[in-house]
Structures are given as structure tokens and as C-alpha cells.
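Undergrad: what would the 3D arrangement of this be:
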Amino acid sequence: MNELSELQLEQLRVFSDCIVMHPQVKTIYNDFDDLRLNRMFQTDQQCMLLTGDTGVGKSHLINHYKKRVLATQNNSRETIPVLVSRISSGKGLDATLIQMLADLDLFGSSQRKKRGYKTDLTKKLVESLIRAKVELLIINEFQELIEFKTLQERQLIANGLKYISEEAKIPIVLVGMPWAEKIAEEPQWSSRLVRKRKLEYFSLQKDSKYYRQYLMGLAKSMPFAEPPKLEEQHTAVALFSACKGENRSLKHLLTESLKLALSHNEVLDKKHFITAYDKLYLANSETHLNNPFKQKLEDILISEVEKSSKYDPNAIDPEYRLVGRIFSKSKTLAALLSK
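TA: From the prediction side, this is the model:
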């Protein structure tokens, strides 16, 4: 492989970071815009729950929205119109509030040891949010705040967030895995979560046109005068066979394929997909896998997500409370579409 130039590295960065404004994303962004607008005249703030399984692109979506707002508004360095904060695994509400303060760059983690800091934590955050003119607070990986928590603990978390939303007059978006919906069961939040959206995996069985349109959008973000025909049936099905409808996996495979093409100053084609698949999948598999890019269309096997990941609070052993997603049995395209 030839060494990549600075231009080629930048082209790869641009593609890796690109976002396709497909209908799901547009709907969610419109929700975010509405929440920010509505806060100007609503006394009782609307809030939102955004869920989706691993790899669907939740974090990528919210970080792009934050960038877009910063790029389109004239804000001073002291204002943060959209605050995106992430929860550390296994931490409680206090640790989450401290993280938000750190994300606002107004307080350091050493503050938590100061006398009276814990007592005033919520108040300090409210003051800081107002001072920074935050219009939308997005809490990512929210499920990590409520999983392995009792009903009483979840109620305390709901009360704390409700107070912050009311006092700072800021709508809150809770983003997380499917079981983040548990917070919607709390009385303090059931009526506040006016908007609920779910990012889905792509599906050839349910909507192959939607998936192919997404591939066309990705192709337009590649650095070629003529976008590659990713939506062509064999290529699209082979890509789906590899990623099983997961956006993150699809982007990784396409980025690796693009890197191979750029390193040889070539247009992206079948041979790059074959090599990228071998590197990412065959090398890391203990079982034999057929490279779908080498197979005939009628021989390519496809598997889709059948059941989302879930959280079972009633499992006796905590190790089994988190249950991973379940994929369907592999089928050919003809068998998949025959249902």
C-alpha cells in the first residue's frame, strides 16, 4: 500500500465523519430545532427520548447536530447553545452533573471534594447552564445512568433532571439504548417526554429502497468526480451481508475500502471491497466466512436484526441483565424477500 498524502488523509477524514441527511435524521433534527424554539415561549419544557441499538449512529447524529448549530450561529466563546454530555458507566446522578459542569468548562473535577459542593451541585449546574445560554441539553448513553438501579433510585434521577429542566428552562434530550425507555415509566417524565424517536437498523426485507438511497448519499461524500455505484444490487447486497444493517459497521467497511482505493490512486471498485472485507472480517473470525464480494448474488447470505438489545432487571444474576441483539438466520436475498 502506498503512503497516503495529506489530501487523501483529509478526504478519508471527511468521508468517515460524513452524515447522510436521510429521513430519520431529518426528523430528529427537526425535533431538536423545535425544542430549542419552543423553550422561548413554553413555561413547561418539552423533552425528548432518542433510542437505538448499538451501531445505529446515535452519537454521530447528535455530535453533528451540535457542530451544525455552532457553524450556523454567531455565538460568543462563552455560550454553548447545544451541550452534549456523556455519562460514565456505573456512575450516579452526582457524577453525571459533575461531568456536565466539566463539559461546560466552568468547573474542574477537583470541585467535587470541596465542602458543600455536593449539596449545591444541582444549583451550580442550573446557574452554569443559564450563564452559558444553553438551549438544548443532550445526555448521551443515558441507559448507563438508570441500568442496575432500583425504582427508588430511578425516581431520584428523574426528579433531579426535572428540576434542572424547569429551573434552567432547558429542554433535555435523553439518548441511549432501547432500555433507556425505562425513564419514560417514571411519573415525573412520562408526560415530559413529548417526543420519542428510535433510530433503526437498515433492512432489506422491510425497506431496501431506503437502504440503497442511503448508500447513494454515502457515495456522494466520497472524493470522486463520479460517485461509485454503491446502490448497484450486487454491491449493496454484499455490503449488507457484511454489516447486517448496522450503520457503524457499514461505515468502517466503506472507509477501509476507500483507503485502499486512494492509496493506489484508483477509483473504488470490487477488488477494494474484497480486500477490505478480508482484512476486517476474515482475519478476525474463528469460523470460515465466505467473502460476499466474491460470491454470485444468488449465493450471498443475509442476516438482519430480529430482536433489539434489552435490559432485564429481573434477572437473578446481574451478568445476564443485559441481553444482546439477536440476528435472524442467514438467508439468500430471494428467500429473505419471499416472506
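
Undergrad: which secondary structure elements does the strand or helix carrying K67 contact?
TA: K67 belongs to helix 58-72 when assigned by DSSP states H and E. For helix 58-72, the elements it packs on are helix 23-38, strand 47-52, strand 82-86, strand 136-140, strand 172-176, judged by 3 or more Cβ pairs under 8 Å, 6 or more residues apart in numbering; DSSP states H and E. All C-beta atoms are positioned from the backbone trio N, CA, C, and that covers glycine.

Undergrad: let's see it at 7 Å
TA: Counting by 3 or more Cβ pairs under 7 Å, 6 or more residues apart in numbering; DSSP states H and E, the packing neighbours recorded for helix 58-72 are helix 23-38, strand 82-86, strand 136-140.

Undergrad: surely I62 meets L174?
TA: No - under the criterion of Cβ atoms under 7 Å, I62 makes no contact with L174, lying 11.1 Å away.

Undergrad: more neighbours, those two?
TA: Neighbour tally, I62 and L174, criterion other Cβ atoms under 10 Å: the higher count belongs to L174, 26 against 23.

Undergrad: apart from its neighbours in sequence, what residue is nearest that one?
TA: Using Cβ to Cβ, 6 or more residues apart in numbering and skipping residues adjacent in sequence, the residue nearest L174 is F142, 4.3 Å away.

Undergrad: which residues of this protein fall in strands?
TA: Taking DSSP state E, the strands of the chain run over residues 47-52, 82-86, 136-140, 172-176, 193-199, 301-302, 305-307, 310-311, 322-323, 326-327, 331-332.

Undergrad: can you list contacts of the fifth one?
TA: The reference is to strand 193-199. The contact list for strand 193-199 (Cβ atoms under 7 Å, 6 or more residues apart in numbering) reads 24, 27-28, 31, 46-52, 56-58, 184.

Undergrad: what's the mean pLDDT across it?
TA: On average, the pLDDT along strand 193-199 is 91.

Undergrad: let me have the strands of the chain in CSV, extended by distance to Q155.
TA: Formatted as CSV, the strands of the chain follow (distance: least, Cβ to Cβ, whole Å):
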stretch, distance to Q155
strand 47-52, 16
strand 82-86, 21
strand 136-140, 17
strand 172-176, 15
strand 193-199, 15
strand 301-302, 44
strand 305-307, 29
strand 310-311, 17
strand 322-323, 22
strand 326-327, 31
strand 331-332, 45
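
Undergrad: deepest of those, which one?
TA: strand 172-176 (a mean of 25; mean count of other Cβ atoms under 10 Å).

Undergrad: identify the residues contacting it?
TA: The contact list for strand 172-176 (Cβ under 7 Å, 6+ apart) reads 47-51, 58, 62, 136-143, 161, 165, 180, 183.

Undergrad: for stretch 33-43, output the C-alpha coordinates as PDB.
TA: What follows is stretch 33-43 as a C-alpha-only set of coordinates in PDB (Å, rounded to 0.1, in the frame of the first residue of the first chain):
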ATOM      1  CA  ASP A  33     -34.900  22.600  16.300                       C
ATOM      2  CA  ASP A  34     -38.400  22.600  17.600                       C
ATOM      3  CA  LEU A  35     -37.400  22.000  21.200                       C
ATOM      4  CA  ARG A  36     -35.000  25.000  21.100                       C
ATOM      5  CA  LEU A  37     -37.600  27.200  19.600                       C
ATOM      6  CA  ASN A  38     -40.400  26.100  21.900                       C
ATOM      7  CA  ARG A  39     -38.300  26.900  25.000                       C
ATOM      8  CA  MET A  40     -38.700  30.600  24.100                       C
ATOM      9  CA  PHE A  41     -42.400  30.600  24.900                       C
ATOM     10  CA  GLN A  42     -43.200  27.400  26.900                       C
ATOM     11  CA  THR A  43     -43.100  27.500  30.700                       C
END
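
Undergrad: list the buried ones in that stretch?
TA: Neighbour counts using 16 or more other Cβ atoms under 10 Å place L35, R36, R39 of stretch 33-43 among the buried residues.

Undergrad: can you redo the helices and strands packed on helix 58-72 as JSON lines with distance to M100 and mean pLDDT?
TA: Formatted as JSON lines, the helices and strands packed on helix 58-72 follow (distance: least, Cβ to Cβ, whole Å; pLDDT from 0 to 100):
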{"stretch": "helix 23-38", "distance to M100": "17", "mean pLDDT": "95"}
{"stretch": "strand 82-86", "distance to M100": "5", "mean pLDDT": "92"}
{"stretch": "strand 136-140", "distance to M100": "8", "mean pLDDT": "95"}
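
Undergrad: out of the ones you listed, nearest to E231?
TA: Nearest to E231, of all the helices and strands packed on helix 58-72, is helix 23-38, at 16.3 Å by Cβ to Cβ.

Undergrad: what angle do the closest one and strand 82-86 make?
TA: Helix 23-38 and strand 82-86 are oriented at 120 degrees to each other (axes from the mean of the first three to the mean of the last three Cα atoms, to 10 degrees).

Undergrad: how far away from the center of its chain is helix 23-38?
TA: Helix 23-38 sits 15 Å away from the centroid of its parent chain (Cα atoms, centre = their mean, to the nearest Å).

Undergrad: can you spell out which helices and strands pack onto it?
TA: Checking 3+ Cβ pairs under 7 Å, 6+ apart, helix 23-38 ends up next to strand 47-52, helix 58-72, strand 136-140, strand 193-199.
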